[in-house]
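> what would the 3D arrangement of this be:
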Amino acid sequence: MNTRLEHRDLMLSWSKRAPDGPGRFIADGPLDWGGWESAKPRVLFLMKEAYDEKLEEGKWLDKPDFGGTPLANRWTLSSLMLADIKSDWLRSTWKNLFLWARAMLEFDPLLPPSSEVSDQGKGRFDLLRSCAVVNLKKYDGQKKSSDEDLRNHLSLGGPESNCEMLRRQIQLLRPDTVIACGTFDLAREAFAGKEPMESSAVDSYEGVHRFGETVWFDYWHPAWYQVPRFLLVQGLHAMRVRFEAVHGPIFPSLNPQ
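Numbering: from 1, shown residues only. The predicted structure is shown next:
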């Protein structure tokens, strides 16, 4: 079975514990499967939760993955993002994710990244198609997140808890780096020393941690309005520069010589 089908089946299985109305399940994952499967490196953004306020039907549908399934008439996080990315308008949150992806995928330790965002939707798509966006909480979403609520949500479901499903999703996607968007401590607590976050990091330095072959960034949420976009992207770049100065390149084959 290929990864895409396994991921679809995981989303479908997970969705069965969610309501059909308000708070319903919102699938997530790679923005473009072809781009994700060929990407070097693979960048995954670990977010908090999605909120389906208007119960939109027939819009932003992820037909390739969920056509003919109970999720066929629902939008997914990936399809919403792709619709925005390809348009002339981009939400502030997606702008920051684009800039962070560019800081990772076009990294130059001697050249701090720009905070300018191209008006060309195609250019944004070409870069973000190498990324995945995953939420801790995929149903019963709220407008505002609380760590306690997210913690309780992850524990729901008995042996096959939401936490265990999330663990399976990340292991299935096998990202090279995870940018934890205000979610690092929650993920570390929930996984409790299991893959993909073993009990102790191989290397750590100022918010950057290598667990096995995956590097995690303990970073802000992209919608954190009190931090200017310029500082958000510069901070991520600086964290990687400092980590690599101590522990060597995160992606040796991609670093400038």
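> ok, residue 132 touching residue 33?
No - with contact defined as Cβ atoms under 8 Å, residue 132 and residue 33 do not form a contacting pair (9.6 Å). All C-beta spots, glycine's among them, are computed from the backbone N, C-alpha and C.
> strands of the stretch 51-200 of the chain, residue ranges please.
Per DSSP state E, counting those that start in this stretch, the stretch 51-200 of the chain carries strands over the ranges 131-137, 177-181.
> among the ones you listed, which is nearest residue 7?
Relative to residue 7, the nearest member of the strands of the stretch 51-200 of the chain by Cβ to Cβ is strand 131-137, separated by 9.6 Å.
> partner strands of the closest one and their direction?
Next to strand 131-137 in the sheet, as set by DSSP bridges, lie strand 29-30 (antiparallel), strand 43-49 (parallel).
> how about those in TSV, adding distance to residue 216, mean pLDDT and mean neighbour count?
As requested, these are exported to TSV (distance: least, Cβ to Cβ, whole Å; pLDDT from 0 to 100; neighbours: other Cβ atoms under 10 Å):
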stretch	distance to residue 216	mean pLDDT	mean neighbour count
strand 29-30	18	96	24
strand 43-49	8	97	24
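> adding distance to residue 62, write these out as TSV.
As requested, the strands paired with strand 131-137 are arranged in TSV below (distance: least, Cβ to Cβ, whole Å):
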stretch	distance to residue 62
strand 29-30	9
strand 43-49	17
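> which one, of those, ends up nearest to residue 6?
Of all those, strand 29-30 sits nearest to residue 6, with 11.0 Å by Cβ to Cβ.
> which strands or helices does the helix or strand just after that closest one pack on?
Elements were assigned by DSSP states H and E; along the chain past strand 29-30, the next helix or strand is helix 33-38. Helices and strands touching helix 33-38, as assessed by 3 or more Cβ pairs under 8 Å, 6 or more residues apart in numbering; DSSP states H and E, comprise helix 3-15.
> avg pLDDT for the helix it packs on?
When pLDDT is averaged along helix 3-15, the result is 95.
> give me the distance from that helix to the chain's centre.
In this view, helix 3-15 has its centroid 16 Å away from the chain centroid, taken as Cα atoms, centre = their mean, to the nearest Å.
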